[in-house]
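Peer 1: Using only what follows, build the 3D model:
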Amino acid sequence: MRDHVRHFVDIGSRVSRRNFLTASATIAAGAALGPFAVSGKAAAAGLKEVRFSEAVHNLGYINLYVGMHAKIFEKNGLDMKVSAAGGDTQTFAAVLGGSADFAIGDATMAQISRENGGPGVVVGTVVQRAHYFGVSKTLKPITDPKEFKGLKIVTSPEPNTNYSVAKRLLEKAGLKVGVDATIIPVNPGTEIAAMLAGQADIAIAYQPSVAAAEAQGAKVVFDFSTYIGPFCNTGIMVLPSTIQKSPDMVQALVTSFEEASRKTYADPAFAKEVARKEFPDLPGDVVDKAIDAELKYLIPAQSVVTKQDQWKNLMEMQVYLGNAKGSVPFDQIIDNSFADKAVASLK
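Peer 2: Below is the predicted model of the structure:
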């Protein structure tokens with residue numbers, strides 16, 4: 001199974017989500033998590049160890065980090081073991097392969113897995129807006145997507161979400177990728193460096209890289225969060241078998257995210273303190289500016305509940321791009337029961 005999942009990730013770095021998951025449908029259909037482990041310090045403290053995969057370490061996930069530093073997950077009986085997978089396909093592959101109990105990343109992965117006969121459920125939203133900004137050292141603010149004509153644009157490679165939002169923006173503006181504008185893929189997290197090195201006119205990137213670029217003289221020239229509106233940019237993905245085996249663990253995790261999301265908005269100073277610890281190599285004022293932007297543009301989820309409009313905008317984009325069919329109804333791919341209970345318990 002591990003060899004298959006490794007092949008699954010390699011394919012995902014080269015092709016579209018549709019082809020990548022179609023080719024891997026048999027893997028998805030047969031994947032199952034191993035037994036839920038309680039070991040070491042977690043066992044001693046009576047906590048359940050949770051293997052948790054994040055797509056890329058970034059400040060869009062500040063609610064996760066707030067929850068960890070505020071010991072919210074621990075309070076709810078969970079010992080979080082978080083690792084960064086390196087992209088959306090990799091984080092979902094970790095769940096399918098059994099090396100992670102939960103994953104956060106582009107929830108389209110669960111949708112397409114289901115469309116191809118595999119498993120996948122979304123139990124909450126972590127990022128409720130497209131957490132990407134167009135950053136440049138040479139361009140003026142872009143007010144019309146048609147102004148992307150003639151530009152070289154650097155993003156993470158397909159099928160990562162910033163590639164998808166950039167591609168759809170260009171095509172909706174009537175621009176042909178590779179003819180009217182060029183998308184240059186680079187490793188996730190290196191978009192800003194590529195732009196600063198002169199490989200592109202503009203980088204589509206996320207925080208805190210954006211604030212770090214601003215500190216080096218670059219400017220935000222386009223805001224995807226406002227352009228797209230409500231958007232399930234990042235969902236909590238899990239296998240149905242995990243829900244069946246460990247519903248209490250799933251509930252504890254979702255409740256922790258709800259509480260952490262509320263604390264993130266209620267206590268920005270604490271969020272900044274946490275962010276500085278998570279990104280110690282960046283100047284404190286850069287990190288603070290990144291958090292200000294995250295909260296200003298309502299990027300971290302204000303509630304873990306996945307809303308219809310958030311999912312609709314995500315699916316419309318992915319269907320348009322041909323990455324998904326959108327054939328699995330909202331109430332069959334989204335399980336808000338844990339989120340609804342979390343909201344009720346925290347009133």
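Peer 1: Neighbours of the residue lying closest to Pro157 once chain neighbours are set aside, how many?
Peer 2: The shortest distance from Pro157 to any non-neighbouring residue, by CB to CB, 6 or more residues apart in numbering, is to Pro185 (3.6 Å). Every residue, glycine included, has its C-beta placed from N, CA and C. Pro185 is flanked by 17 other residues according to other CB atoms under 10 Å.
Peer 1: separation between Pro185 and Arg168?
Peer 2: Distance, Pro185 to Arg168, by CB to CB, to the nearest Å: 16 Å.
Peer 1: Repeat that for Thr143.
Peer 2: Taking CB to CB, one finds Thr143 at 18 Å from Arg168.
Peer 1: Could you check which of these two has the larger neighbour count?
Peer 2: For Thr143 versus Arg168, neighbours defined as other CB under 10 Å are more numerous around Arg168 (17 against 9).
Peer 1: Would it be right to say that that one lies in a strand?
Peer 2: No - in this structure, Arg168 is helix, not part of a strand, as judged by DSSP: H, G, I helix; E, B strand; the rest coil.
Peer 1: Verify the stated contact: it with Leu321.
Peer 2: Yes - at 6.0 Å, Arg168 counts as touching Leu321 under the criterion of CB atoms under 8 Å.
Peer 1: Settle this for me: Leu59 is touching Ala205, isn't it.
Peer 2: No - Leu59 is not in contact with Ala205 according to CB under 8 Å; the separation is 11.3 Å.
Peer 1: between the two, which one's more packed in?
Peer 2: The neighbour comparison of Leu59 against Ala205 (other CB under 10 Å) goes to Ala205, with 30 against 25.
Peer 1: My guess is the more buried one contacts Glu191. True?
Peer 2: Yes - between Ala205 and Glu191 there is a contact under CB under 8 Å: 4.2 Å.
Peer 1: hey, what's in contact with both of those two?
Peer 2: The contact sets of Ala205 and Glu191 overlap at 155, 162 (CB atoms under 8 Å, 6 or more residues apart in numbering).
Peer 1: where do the strands sit along the stretch 51-200 of the chain?
Peer 2: 78-84, 102-105, 121-129, 133-136, 152-155, 182-185 (DSSP state E, counting those that start in this stretch).
Peer 1: if you compare those, which one is most tucked away?
Peer 2: Of these, the one with the most neighbours on average (mean count of other CB atoms under 10 Å) is strand 102-105, at a mean of 29.
Peer 1: How is the chain divided into domains?
Peer 2: Here the domain parsing of the chain from automatic domain parsing is 2-130+230-345, 133-228.
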